[in-house]
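[1] take a look and give me a structure for this.
(one chain, ligands or ions: 2)
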Amino acid sequence: QLIRTHSDMAEFREVFSKARHIAIITGAGVSAESGIPSIRGAEGRWRTWKTQDLATPQCFSRHTSRVWEFYHYRRELALRARASAAHRAIAECEERLRRQKRSLVVITQNIDELHRRAGSTRLLEVHGNVFQTRCLSCGNVEANHRSPICPSLQGKGSPDPGVPDALIPVRDLPRCEQKACDGLLRPHVVWFGETLDSHILTKVEKELETCDLCLVVGTAAVVYPAAMFGPQVASRGVPVAEFNTRPTVNTPRYRFHFSGRCADTLPVALA
Ligand code: BJW
Ligand code: ZN
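    Ligands and ions are numbered 1, 2, ... in the order given. Prediction:
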């Protein structure tokens with residue numbers, strides 16, 4: 001249903017002061033504040049390829065070296081990035097609410113771990129995490145912050161369109177270190193056409209059903225199923241506030257829309 005959307009911060013602050021369970025859904029716009037470009041942004045390219053085509057299981061099986069170069073580049077970028085004022089405002093708010101016996105959970109589509117680095121502890125990463133690997137042979141998932149992730153990727157991964165594929169042999173790409181396994185590792189992220197982790201989705205459902213205020217920050221609401229999280233909350237009659245530099249298809253379904261960079265708007269909203 002369509003509802004009247006406000007951008008009245010005083011009214012939002014009133015709702016915020018009464019909320020006991022807050023869910024914050026975040027997307028690439030929050031990481032943009034840390035200098036990490038969205039892979040779906042206007043540019044949307046790495047070298048000459050559309051990033052949307054690289055983030056698929058088909059591309060990984062055909063062009064394993066290329067896809068690892070792409071993720072190596074983004075791991076190194078995320079390692080060097082620092083949490084922004086938007087990440088910090090969310091983490092500080094969680095801590096403050098906890099002391100007041102209120103709760104805040106972050107449901108993020110971002111894979112760069114910047115929310116955790118800012119200090120968020122209740123965090124659901126629905127599209128995985130680029131600092132975790134998954135073995136294609138034994139299924140083992142583990143944290144990995146090595147830089148570079150393997151010697152053969154050292155100095156590789158430049159996004160410059162003139163740079164040719166490194167064509168690294170698969171045996172020299174990241175391999176499993178579990179006893180006697182040596183399987184090929186992949187980034188533990190959710191690619192197009194893959195399903196989201198059902199355990200995480202169950203937790204997300206519970207948060208969406210119990211929150212009494214929801215913020216949707218820096219996401220274009222194009223990629224499913226995450227695009228439906230905010231509308232799902234709004235359909236229960238719960239106030240939803242969108243923070244984005246521009247309106248989205250979901251804006252008319254939300255009580256509030258705050259236009260602008262989230263590093264400017266969120267610290268005010270969550271103070
Ligand atoms: C700012 C700002 C600032 C900027 N301050 N704001 C139903 C309908 C149609 C299609 C589908 C459907 N169900 C499934 C599909 C297919 C597909 C899909 O959604 N396709 C769409 C493109 C149409 N979905 C899937 O395949 C999903 N799987 C699935 O549903 O499984 C079941 C199934 C399978 C097959 C068929 C049917 C069902 C999986 C999706 C996984 C997406 N993974 C990625 C890549 C992760 C790894 C990686 O990063 O490499 O996740 S895609 C990419 O998009 C990444 C992001 O998390 C995700 C969302 O992007 P986000 O965060 O919204 O970023 P942007 O750039 O789009 O928007 C940024 C926003 O910020 C903008 O609005 C700016 O204005 C704003 N902004 N600066 C505030 N400073
Ligand atoms: Zn293994």
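[2] so where's this protein uncertain?
    1-2, 42 (pLDDT under 70).
[3] and it, which of its residues are near ligand 2?
    With C-beta under 5 Å from the ion as the criterion, the chain meets ligand 2 at residues 135, 137, 138, 140, 176, 178, 181, 183. All C-beta spots, glycine's among them, are computed from the backbone N, C-alpha and C.
[4] ranges for the helices of the stretch 51-200 of the chain?
    Ranges of helices within the stretch 51-200 of the chain are 51-54, 57-62, 64-80, 85-99, 114-118, 198-210, based on DSSP state H, counting those that start in this stretch.
[5] identify the residues contacting the third one?
    Outside helix 64-80, the residues that touch it by C-beta atoms under 8 Å, 6 or more residues apart in numbering are 36, 39, 46, 49, 51, 54, 59-60, 111-114, 130-131, 145, 147-149, 153, 156-159, 165-170, 173-174, 184, 187, 189.
[6] the helices of the stretch 51-200 of the chain: which one's closest to residue 126?
    Closest approach to residue 126 among the helices of the stretch 51-200 of the chain is made by helix 198-210 (5.9 Å; C-beta to C-beta).
[7] give the buried residues for the closest one.
    200, 203, 204, 207, 208 (16 or more other C-beta atoms under 10 Å).
[8] I'd like those laid out as a markdown table, including distance to residue 260.
    Below are the buried residues of helix 198-210 laid out as a markdown table (distance: C-beta to C-beta, whole Å):
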| residue | distance to residue 260 |
| --- | --- |
| 200 | 30 |
| 203 | 30 |
| 204 | 27 |
| 207 | 26 |
| 208 | 25 |
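[9] can you list the residues of the protein near ligand 1?
    Residues of the chain lying close to ligand 1 (C-beta under 6 Å from any ligand atom) are 27-29, 32-33, 38-41, 55, 109, 111, 127, 189-190, 192-195, 218-220, 222-225, 243-246, 248, 261-262.
[10] switch the cut-off to 5 Å
    Neighbours of ligand 1 within the chain, by C-beta under 5 Å from any ligand atom: 27-29, 32, 38, 40, 55, 109, 111, 127, 189-190, 192-193, 195, 218-220, 223-224, 244-246, 261-262.
[11] who are the packing partners of the strand ranked longest in the chain?
    Ranked by residue count under DSSP state E, the longest strand found in the chain is strand 128-135. Contacts defined by 3 or more C-beta pairs under 8 Å, 6 or more residues apart in numbering; DSSP states H and E place strand 128-135 against helix 64-80, strand 141-143, strand 185-189.
[12] if we look at the second one, which residues are touching it?
    To tie it back to what came earlier, the one meant is strand 141-143. Identification of contacts with strand 141-143 by C-beta under 8 Å, 6+ apart yields 131, 132, 133, 134, 135, 188.
[13] what's the answer for the last one, then?
    Applying C-beta under 8 Å, 6+ apart, the contact partners of strand 185-189 are 55, 60, 71, 111, 127-130, 132-136, 141, 173-176.
[14] could you flag which of the residues you listed are buried?
    55, 60, 71, 111, 127-130, 132-135, 173-176.
[15] so which of those residues comes closest to residue 17?
    Using C-beta to C-beta, these come closest to residue 17 at residue 127, 31.8 Å.
[16] now do the phi/psi pair for the closest one.
    Dihedral pair for residue 127: phi -110, psi 20, per degrees, to the nearest 10.
[17] what's the closest non-adjacent residue to it?
    Among residues not flanking residue 127 along the chain, residue 190 sits closest, at 4.5 Å (C-beta to C-beta, 6 or more residues apart in numbering).
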